[in-house]
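Peer 1: show me how the following folds:
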Amino acid sequence: MLKPIAQLAADLAQGRVTALALVEACLARIADPKGEGGATFLKVHAEAARAQAQAIDRLRGLGQAPSPFAGIPISIKDLFDLQGEVSLAGSRVLADRPPATADALAVARLKAAGFIVMGRTNMTEFAYSGLGLNPHYGTPKNPHDRKTGRIPGGSSSGAAVSVTDGMAAAGLGTDTGGSCRIPGALCGLVGWKPTAARVPRQGVLPLSASLDSVGVLAGTVSCCALVDAVAAGDEALAPQPFPLSGLRLAVPQAVVLDGMDKSVSAAFAKSCSILSKAGVRIADLALSELKELATINAKGGFAAAEAYGWHRKLMAAKGTDYDPRVRVRIEKGAGQDAADYLDLLAARADFIRRVRERCAPFDALVMPTVPIVAPTFAELASDDDYGRINLLMLRNPAVINFLDGCAISLPAPIEAGGLPVGLMLAGFAGQDGRLFAIARGLESLLSGEK
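Peer 2: Numbers count the residues shown, from 1 in each chain. The predicted model follows:
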């Protein structure tokens, strides 16, 4: 993993490293035969990245760098438009589309600040799974157990591996039901999902217009916050840690604690203990409303309905070219009619209102990001197991998308040699800044830093 973005910016400013040296280091990691570069990136922008790095180094030498972050390498999920390229979204059915005429707005803002795009990262086809598997282009193995062969999580699978393996300082991804937080949790990273309206989705191929958000995967909370701020068009400042004494966190008791494996259960208990000893007030909250979600989304919810609306003509023409496991989930949207969709909109608004009222006394919610550690590829061999484990992975993160909230997954403390576990903090729409501050305050405690 590369240094945190703030440290890289300081190194660049002081001349301790050049943008070209950073790019070459990332390219070496991508090309390393012992790594996963071929499965992590669907397209590598080697020459363009080198040229941009050289230009930035010249500008910095003249005191004209466009921002402190100019020269820092990032990766871009294959869902985002990049001018002159076809946005494939991890699929093969879009290969005959015309190239994008402009960068997605979030990408354009990052480029304007001088971030260097190393390439397009692999993903679940059309972002419709929390596991990260891609039968068309292969799936990068989880860096924490490549020998066994475990999944990286998805759908922003390549984004996570690109950061973990030092191929980029941060990965721009999307999150519709956990697609930044799940791979963040499974790969030992910080995964960020903003309020959906915070970062523009112009130029991002949609999965669900009601649930999609543009998120970030990186090594630290501040790294995610800085990239998020640039993508959102805000001033890029590292968050100041929220005071821990008296901080009020609620642990929902319904649904989100079900089915935890031993590793996740132990890591979650240890996290809560560490925070409590530091003065954080952690309280159980029944939040029985969460039990309603299975019924509300029984017909596939917004993702199935809105994905089917986008894909139905394309599937009619090229349905056999889709990943069958993705196609069957999209086709579920055909079972919803206009009345069902209107009912869903009303149910969501009522659900958000009631849950916000229940959570009002607290600063944030806290829960396991996902209830199990990264499963092996072998565990997903059958369609039934794939479907069951996928729903389990999506269960907790998807709650926050349905609530139109913001959320962040932090690495939880684990035993030496254990697989990564994620601890999720969540807030409601518009609470992004406060949630970043809370996460920054807890980060050093959870990592054991003094």
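
Peer 1: from here on, just use CA atoms for contacts and neighbour counts.
Peer 2: Fine.

Peer 1: so what's the residue lying closest to residue 424 once chain neighbours are set aside bridging to?
Peer 2: Using C-alpha to C-alpha, 6 or more residues apart in numbering and skipping the chain neighbours, the partner closest in space to residue 424 is residue 409 (4.3 Å). Beta bridges link residue 409 to residue 191, residue 424 when assigned by DSSP bridges.

Peer 1: ok, residue 409 - how many residues close by?
Peer 2: 33 (other C-alpha atoms under 10 Å).

Peer 1: quick one: contacts for it?
Peer 2: 181-182, 184-185, 189-192, 369, 422-425 (C-alpha atoms under 8 Å, 6 or more residues apart in numbering).

Peer 1: in a markdown table: those residues, plus pLDDT, distance to residue 291 and neighbour count.
Peer 2: Putting the contacts of residue 409 into a markdown table (pLDDT from 0 to 100; distance: C-alpha to C-alpha, whole Å; neighbours: other C-alpha atoms under 10 Å) gives the following:
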| residue | pLDDT | distance to residue 291 | neighbour count |
| --- | --- | --- | --- |
| 181 | 99 | 22 | 37 |
| 182 | 99 | 21 | 37 |
| 184 | 98 | 26 | 36 |
| 185 | 98 | 24 | 31 |
| 189 | 98 | 29 | 28 |
| 190 | 98 | 27 | 31 |
| 191 | 98 | 25 | 34 |
| 192 | 99 | 25 | 34 |
| 369 | 98 | 17 | 34 |
| 422 | 98 | 22 | 33 |
| 423 | 98 | 21 | 24 |
| 424 | 99 | 19 | 28 |
| 425 | 98 | 20 | 26 |
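
Peer 1: quick one: residues contacting residue 256.
Peer 2: Contacts of residue 256 (C-alpha under 8 Å, 6+ apart): 367-368, 371, 395-396.

Peer 1: kindly apply the preceding question to residue 71 instead.
Peer 2: Residue 71 neighbours (C-alpha under 8 Å, 6+ apart): 12, 18-20, 22, 52-53, 56-57, 114-116.

Peer 1: cool, and residue 412?
Peer 2: Here residue 412 is in contact with 267-268, 271, 420-423, 446-447 (C-alpha under 8 Å, 6+ apart).

Peer 1: what ranges do the helices span in the stretch 151-300 of the chain?
Peer 2: 157-164, 181-187, 221-232, 262-277, 293-296 (DSSP state H, counting those that start in this stretch).

Peer 1: helices or strands next to the second one in the packing?
Peer 2: Helix 181-187 is packed against helix 157-164, strand 190-193, helix 383-402, strand 406-411, strand 422-427, with contacts defined by 3 or more C-alpha pairs under 8 Å, 6 or more residues apart in numbering; DSSP states H and E.

Peer 1: and the shortest one, how far out from the chain middle?
Peer 2: Here strand 190-193 is found 5 Å from its chain centre; the criterion is C-alpha atoms, centre = their mean, to the nearest Å.

Peer 1: most remote residue from this protein's center?
Peer 2: residue 62 (36.2 Å; C-alpha atoms, centre = their mean).

Peer 1: quick one: that one and residue 110, what's the gap?
Peer 2: Distance, residue 62 to residue 110, using C-alpha to C-alpha, to the nearest Å: 21 Å.

Peer 1: top of the contacts of residue 256 by number of neighbours, please.
Peer 2: residue 368 (27 neighbours).

Peer 1: that residue reaches residue 264, doesn't it?
Peer 2: Yes: contact criterion C-alpha atoms under 8 Å: residue 368 and residue 264 qualify, at 7.2 Å.

Peer 1: so what sits against both of these two?
Peer 2: Common neighbours of residue 368 and residue 264 (C-alpha under 8 Å, 6+ apart) are residue 421.

Peer 1: may I see the buried residues of stretch 442-449?
Peer 2: 442-443, 445-446 (16 or more other C-alpha atoms under 10 Å).

Peer 1: what does that stretch contact?
Peer 2: So stretch 442-449 is contacted by 221, 241, 244, 271, 274-275, 410-413, 450 (C-alpha under 8 Å, 6+ apart).

Peer 1: which among these end up buried?
Peer 2: 221, 241, 244, 271, 274-275, 410-413.
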